[in-house]
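K.L.:
dropping a prediction and its sequence here:
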Amino acid sequence: MRYGWFCQGGCFLTFKKRASTMNCLKKKRNKNREVIIMKKRMISVWQATFCMALLLGNAAVAGEAGRVGSLKGPTSMGLLSFMEKEKEAEEPNFKFEMMTAADELSAKFIKGEIDFALIPANMASILYHKTEGNVQVADINTLGVLYLVTGREDIRSVADLQGNTVYMTGKGQTPEYVLRYLLEANGLAEEDVTVEFKSEATEVVSVLAQEPSAIAVLPQPFATVACAKSGNKNMVLSDLTKEWDAVGTGTLVTGVTVVKKDFAQANPELVEQFLEAHEASAAFVNENPAETARLTVSYGIMEQAEAAEMAIPKCNITYLDGKDMQEALTGYLQVLMEQNPDSIGGTIPGEDFYYNENGKENKN
């Protein structure tokens, strides 16, 4: 006689078979337990790896220099003393890249290829909205730099532009919006003036060299270069900042420095180090135009030191941070929004748009 029992499946099991079956079930349970433990460990490793990737993506790697991107012109000129010191350092803390197009610079900044970007003021607001608030303005580096340039004696201000063609750069950026605003302030509609955009300021300079009677809006130092190259003694420089001030719309802001919020939070010491060096460099430029002019040539910003020295006092290179920065930039963006909300990304940015808004006061 065999002793045993029926399993749930209806099959008859002997004691021997039962022991074998129990061993199999125990091994299966142990195997399942090992799989679960292994999965938990894999999840933990993945989570740790993901967190580390985020940390490295937002923080400068120890021993690596902060990456600074600027535009060829006044924003880069304000960095020249800073750049020279880093160039001479045995272990530089920053490396610099100069570009001619604001779109290229902003794209590199968004991709994380640039840590500090010196860009047009309105573009900073646009990037703030595109990144859902992950962009902060650290300082204002240039104020009004735009000039109306022409060899025509009948053109002395924006009010005289009706029925004419104006050559300029900066489509969708500060230069265009400043001109559009001043046209409206002087009672002119967009259709009253034809605006022809060029990709670089040097192209506009070439137009004026070939045809001195042409009309252009140029930033410094290129406005001064255009006058020097034309050979026309009647070439007129009309300061659009003065026209802006005459309308009574607050401070005209051209360029700002931006950082990503998460980068700034992860690298506060590096950001503060940059700001201190930037402030010192801007002061050096304004106090030493002859030496700065030499540097503009060696760094390929301008061809002639003499023209550069003449242009530097007109470049409005500055350093504003904290409350001074916020007051000036908020007022400027408000003017642009009233003209065209799309020019600043739709709305005025929030308080978090301003880095260290309760920090040190402007020393200038």
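P.N.:
Looks like it arrived, so ask away.
K.L.:
neighbouring strands - and their directions - for the host helix or strand of Val195?
P.N.:
Following DSSP states H and E, one finds Val195 within strand 194-197. Applying DSSP bridges, strand 194-197 is found paired with strand 165-168 (parallel).
K.L.:
the partner strand: which residues count as buried?
P.N.:
Val166, Tyr167, Met168 (16 or more other C-beta atoms under 10 Å). Yep, even glycine has a C-beta here, placed from its N, CA and C like the rest.
K.L.:
against Lys198, how distant is Thr169?
P.N.:
Per C-beta to C-beta, to the nearest Å, Thr169 is found 5 Å from Lys198.
K.L.:
shared neighbours, these two?
P.N.:
Residues touching both Thr169 and Lys198 comprise Val204, with contact defined as C-beta atoms under 8 Å, 6 or more residues apart in numbering.
K.L.:
who has more neighbours out of these two?
P.N.:
Taking neighbours as other C-beta atoms under 10 Å, Thr169 and Lys198 compare with Thr169 leading, 24 against 17.
K.L.:
for the protein, what are the low-confidence residue spans?
P.N.:
Scanning the chain for pLDDT under 70 picks out the ranges 1-63, 231-234, 357-364.
K.L.:
so where do the strands sit in it?
P.N.:
Per DSSP state E, the chain carries strands over the ranges 4-6, 12-14, 66-71, 94-99, 116-120, 135-142, 146-150, 165-168, 194-197, 215-219, 236-239, 255-260, 317-320.
K.L.:
could you redo those as CSV and give each row distance to Lys108?
P.N.:
Formatted as CSV, those follow (distance: least, C-beta to C-beta, whole Å):
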stretch, distance to Lys108
strand 4-6, 75
strand 12-14, 72
strand 66-71, 6
strand 94-99, 8
strand 116-120, 8
strand 135-142, 14
strand 146-150, 25
strand 165-168, 24
strand 194-197, 22
strand 215-219, 21
strand 236-239, 32
strand 255-260, 12
strand 317-320, 23
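K.L.:
tell me how many other residues crowd Gly300.
P.N.:
When neighbours are counted by other C-beta under 10 Å, Gly300 registers 10.
K.L.:
run a quick neighbour tally on Ile140.
P.N.:
Look at Ile140: counted by other C-beta under 10 Å, it has 25 neighbours.
K.L.:
so which of the strands of the chain gets nearest Ser298?
P.N.:
When the strands of the chain are compared by C-beta to C-beta, strand 94-99 sits nearest Ser298, at 12.4 Å.
K.L.:
partner strands of the closest one, parallel or antiparallel?
P.N.:
With DSSP bridges as the test, strand 94-99 is paired with strand 66-71 (parallel).
K.L.:
and the angle from the strand it pairs with to strand 215-219?
P.N.:
Relative orientation of strand 66-71 versus strand 215-219 (axes from the mean of the first three to the mean of the last three C-alpha atoms, to 10 degrees): 160 degrees.
K.L.:
residues in contact with strand 66-71?
P.N.:
Strand 66-71 has contacts (C-beta under 8 Å, 6+ apart) with 60, 76, 79, 93-102, 105, 108-109, 113-119, 255, 267, 270, 274.
K.L.:
which parts of the strand holding Val195 are buried?
P.N.:
Val195.
K.L.:
what's in contact with it?
P.N.:
Asn164, Thr165, Val166, Tyr167, Met168, Thr169, Gly170, Lys171, Glu176, Leu179.
K.L.:
is the third one in a bridge, and if so with what?
P.N.:
Going back to what we said before, that points to Val166. Val195, Ile215.
K.L.:
where's it relative to Ser238, distance?
P.N.:
Distance, Val166 to Ser238, using C-beta to C-beta: 12 Å.
K.L.:
please compute how far stretch 110-121 lies from its chain's middle.
P.N.:
For stretch 110-121, the separation from the chain centroid amounts to 4 Å (computed by C-alpha atoms, centre = their mean, to the nearest Å).
K.L.:
count the residues that sit near the nearest residue to Met168 once chain neighbours are set aside.
P.N.:
The shortest distance from Met168 to any non-neighbouring residue, by C-beta to C-beta, 6 or more residues apart in numbering, is to Val217 (4.1 Å). Look at Val217: counted by other C-beta under 10 Å, it has 26 neighbours.
K.L.:
how near is Thr75 to Phe353?
P.N.:
According to C-beta to C-beta, Thr75 stands 19 Å off from Phe353.
K.L.:
repeat that for Cys227.
P.N.:
Applying C-beta to C-beta, the value for Cys227 to Phe353 is 37 Å.
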